[in-house]
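[1] quick one: sequence plus predicted model below, questions after.
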Amino acid sequence: SAVISQKPSRDICQRGTSLTIQCQVDSQVTMMFWYRQQPGQSLTLIATANQGSEATYESGFVIDKFPISRPNLTFSTLTVSNMSPEDSSIYLCSVDQGDYGYTFGSGTRLTVV
Amino acid sequence: GENVEQHPSTLSVQEGDSAVIKCTYSDSASNYFPWYKQELGKGPQLIIDIRSNVGEKKDQRIAVTLNKTAKHFSLHITETQPEDSAVYFCAATAGFQKLVFGTGTRLLVSP
């Protein structure tokens, strides 16, 4: 299965600033997904990113707050903008590998102070 | 849209016992049902999955069963070991779409 590298693995940020999270896959994939996992909670999909088109956002998530780039078939970024303490979560990227299922990166643990 | 419920939220067993986690889903179009194990500080790891054309799948100590009529699927872990302690998530999807996750089960295996 694909190997996903996420950077940074963790960060502590000041409120009002922005953080860009990178997701690199070692093989080409059509669909990449960004999830948020709030402390002690399950995973919630933020958006689906396809190369060459605008990301599709889930209800409750907007592009101005979580802009996403997908410049090629192996890379994507998620930016968390104008952060507040409520944005403190683990952010995970995932790829759909067909018969191999959905693979997740190790996540970015974000703390906003 | 799809909704996945998962029970129990916590499960404590003695080493060597079996553990069962159950999930129900709402969308009859869902056809892929993975199970993930998440250890502290790590991303979810796929441990087993099942597709709607199969009723049961087994991989060593882990098995998953699917009842399409009742829209529920279960994870079975036999001969549990302390290293099985983690949070387990079920999920469902209609394929090439987003995964919808259950709320998670914290499994604690005591030596």
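    Sure, I can see it. Numbers count the residues shown, from 1 in each chain, chains lettered A, B, ... in the order given.
[2] the residue nearest the centre of chain A bridge partners, please.
    Nearest to the geometric centre of chain A sits residue A:34, at 3.6 Å (CA atoms, centre = their mean). Taking DSSP bridges, one finds residue A:47, residue A:93 as the beta-bridge partners of residue A:34.
[3] same thing with residue A:75?
    Beta-bridge partners of residue A:75, as defined by DSSP bridges: residue A:24, residue A:72.
[4] equivalent analysis for residue B:73, please.
    residue B:23, residue B:66.
[5] ok, it - how many residues close by?
    26 (other CB atoms under 10 Å in any protein chain shown). The C-beta positions use only the backbone N, C-alpha and C, and glycine is treated the same way.
[6] so it is in contact with residue B:65, correct?
    Yes - the pair residue B:73 and residue B:65 passes the contact test of CB atoms under 8 Å, sitting 6.4 Å apart.
[7] anything in contact with each of those two?
    Residues touching both residue B:73 and residue B:65 by CB atoms under 8 Å, 6 or more residues apart in numbering or on different chains: residue B:50.
[8] okay, strands next: where are they in chain A?
    Under the criterion DSSP state E, strands of chain A are mapped to A:4-7, A:10-13, A:19-25, A:31-37, A:43-50, A:56-57, A:68-72, A:75-80, A:89-96, A:102-104, A:108-112.
[9] show me which residues of the third one are buried.
    By neighbour count with 16 or more other CB atoms under 10 Å in any protein chain shown, strand A:19-25 contains the buried residues A:19, A:21-23, A:25.
[10] that strand packs against which elements?
    On a contact count with 3 or more CB pairs under 8 Å, 6 or more residues apart in numbering or on different chains; DSSP states H and E, strand A:19-25 meets strand A:4-7, strand A:31-37, strand A:75-80, strand A:89-96.
[11] what's the answer for the second one, then?
    Here strand A:10-13 touches strand A:108-112, going by 3+ CB pairs under 8 Å, 6+ apart.
[12] please name the strands paired to the strand or helix carrying residue B:58 in the sheet, noting orientation.
    Using DSSP states H and E, residue B:58 maps to strand B:56-59. Sheet neighbours of strand B:56-59, with direction, are listed as strand B:62-67 (antiparallel) (DSSP bridges).
[13] list of residues touching the strand it pairs with?
    So strand B:62-67 is contacted by B:33, B:35, B:47-50, B:52, B:54-58, B:72-78 (CB under 8 Å, 6+ apart).
[14] show me the shaky parts of the chain.
    Reading this off chain A. Regions of chain A meeting the criterion pLDDT under 70 are absent.
[15] wrong one, chain B
    Chain B contains residues with pLDDT under 70 at B:95-96.
[16] what segments of it are helices?
    Counting by DSSP state H, chain B forms no helices at all.
[17] hang on, the earlier thing: so how do I select the buried members of the contacts of strand B:62-67 in PyMOL?
    Buried residues within the contacts of strand B:62-67, by 16+ other CB under 10 Å, are selected in PyMOL with:
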select buried, chain B and resi 33+35+47+48+49+50+52+72+73+74+75+76+77
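[18] if we can go back for a sec, got a markdown table for the helices and strands packed on strand A:19-25, with distance to residue A:60 too?
    A markdown table is the format used below for those (distance: least, CB to CB, whole Å):
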| stretch | distance to residue A:60 |
| --- | --- |
| strand A:4-7 | 22 |
| strand A:31-37 | 10 |
| strand A:75-80 | 14 |
| strand A:89-96 | 13 |
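[19] how many residues are close by the closest residue to residue A:50 other than its chain neighbours?
    Excluding the flanking residues, the one nearest residue A:50 by CB to CB, 6 or more residues apart in numbering or on different chains is residue A:31, at 5.9 Å. Residues near residue A:31, counting by other CB under 10 Å, number 18.
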